[in-house]
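S.K.: Here is my input, please return the structure:
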Amino acid sequence: MPETDYSVRTFKGGYDDNLTYLVTCMRTGNQFLVDAAVPLKQIDSYMSKKGLIALFITHTHGDHTAYMDEYVEAFPNLITMIYKDSENKVKSTLKRPVKHGDIVTVGQLSLEILHTPGHYSDSVCYLFDGILFTGDTLFVGRTGRTVSAGSNTRQLYRSVYDIILNLPGHIIIYPGHDYGPKMTISINENISISPLLQAEDEDDFVQRMADYEAERTIGS
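M.R.: From the prediction side, this is the model:
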């Protein structure tokens, strides 16, 4: 097989079909994680000799940080990337608060930080090459929900429609849960299959979200 600049491995488990991603820079051997939603033992056989360099947190809901202590204990030099207003919510001693527009480099791989509040106030997406790690902001087939404390439907609209949907349509989203018919999807394809991504304006999106929740309640 031809050598590539990086590899992305996906691990599913945790609280509710959570997805954690392990990304390896093939040129340097440096690695980073996106979310700590699955146990270390599920991933450790895929660690390079140089081990983890960074952990990127998409937001601080407990299912996405559940196993952070395991990784920090196993890799004392692990740097945790977290939105700047939430650094006090994690115990990691090596933290780098990030904000919208920051660029973070691991090995020869660079990620752009996109602050995308709505599902939660500290939600962050990480744009990397042709990949967008979306956490719970955007799933395959729908957006994240806005029913918990710290969520806001109108903020979510602006994050999704003004930031994510303005990215090139070929970019592949890697979400925080495996909730759709497949694990990953391009932005353009996601728009085509999701009514929540076809709103005419902000008010229409708010109504579509309300309808979605009503139907979800009836069906549950």
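
S.K.: Just the CA trace of the helix or strand containing residue 203, in PDB.
M.R.: Assigned by DSSP states H and E, residue 203 belongs to helix 202-219. Extracted as PDB, the C-alpha positions of helix 202-219 are listed here (Å, rounded to 0.1, in the frame of the first residue of the first chain):
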ATOM      1  CA  GLU A 202     -32.600  30.500  11.700                       C
ATOM      2  CA  ASP A 203     -36.300  30.500  12.700                       C
ATOM      3  CA  ASP A 204     -37.000  27.600  10.300                       C
ATOM      4  CA  PHE A 205     -34.100  25.700  11.900                       C
ATOM      5  CA  VAL A 206     -35.500  26.300  15.400                       C
ATOM      6  CA  GLN A 207     -38.800  25.000  14.300                       C
ATOM      7  CA  ARG A 208     -37.300  22.000  12.600                       C
ATOM      8  CA  MET A 209     -35.400  21.200  15.800                       C
ATOM      9  CA  ALA A 210     -38.600  21.500  17.900                       C
ATOM     10  CA  ASP A 211     -40.400  19.200  15.500                       C
ATOM     11  CA  TYR A 212     -37.500  16.700  15.700                       C
ATOM     12  CA  GLU A 213     -37.600  16.600  19.500                       C
ATOM     13  CA  ALA A 214     -41.400  16.200  19.500                       C
ATOM     14  CA  GLU A 215     -41.200  13.300  17.100                       C
ATOM     15  CA  ARG A 216     -38.300  11.800  19.100                       C
ATOM     16  CA  THR A 217     -40.300  12.000  22.300                       C
ATOM     17  CA  ILE A 218     -43.300  10.400  20.700                       C
ATOM     18  CA  GLY A 219     -41.200   7.600  19.300                       C
END
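
S.K.: Okay, buried residues for it please.
M.R.: 205, 206, 208, 209 (16 or more other CB atoms under 10 Å). Yep, even glycine has a C-beta here, placed from its N, CA and C like the rest.

S.K.: cool, stretch 65-77 as well?
M.R.: 65, 66, 67, 68, 70, 71, 72, 75.

S.K.: you'd agree the second one is up against residue 35?
M.R.: Translated: residue 66. No - Residue 66 sits out of contact with residue 35 when judged by CB atoms under 8 Å, with a separation of 9.1 Å.

S.K.: before we move on, back to that, and the contacts of the helix holding residue 203?
M.R.: The contact list for helix 202-219 (CB atoms under 8 Å, 6 or more residues apart in numbering) reads 142-143, 145-147, 153-154, 156-158, 161, 195-196, 199.

S.K.: With pLDDT and distance to residue 132 added, can I get the residues you listed in TSV?
M.R.: As requested, these are arranged in TSV below (pLDDT from 0 to 100; distance: CB to CB, whole Å):
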residue	pLDDT	distance to residue 132
142	97	16
143	98	14
145	96	19
146	96	20
147	94	23
153	98	21
154	98	22
156	98	16
157	98	17
158	98	16
161	98	15
195	97	21
196	98	17
199	98	20
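
S.K.: among these, which two are most distant?
M.R.: 147 and 161 (19.5 Å; CB to CB).

S.K.: Neighbour count for the two, which is higher?
M.R.: residue 161 (16 against 11; other CB atoms under 10 Å).

S.K.: how close does the more buried one get to residue 61?
M.R.: From residue 161 across to residue 61, the span is 22 Å (CB to CB, to the nearest Å).

S.K.: repeat for residue 8
M.R.: On the measure of CB to CB, residue 8 and residue 61 end up 22 Å apart.

S.K.: Kindly report the same for residue 5.
M.R.: For residue 5, the distance to residue 61 - CB to CB - is 31 Å.

S.K.: Since that was my last question, I'll sign off now.
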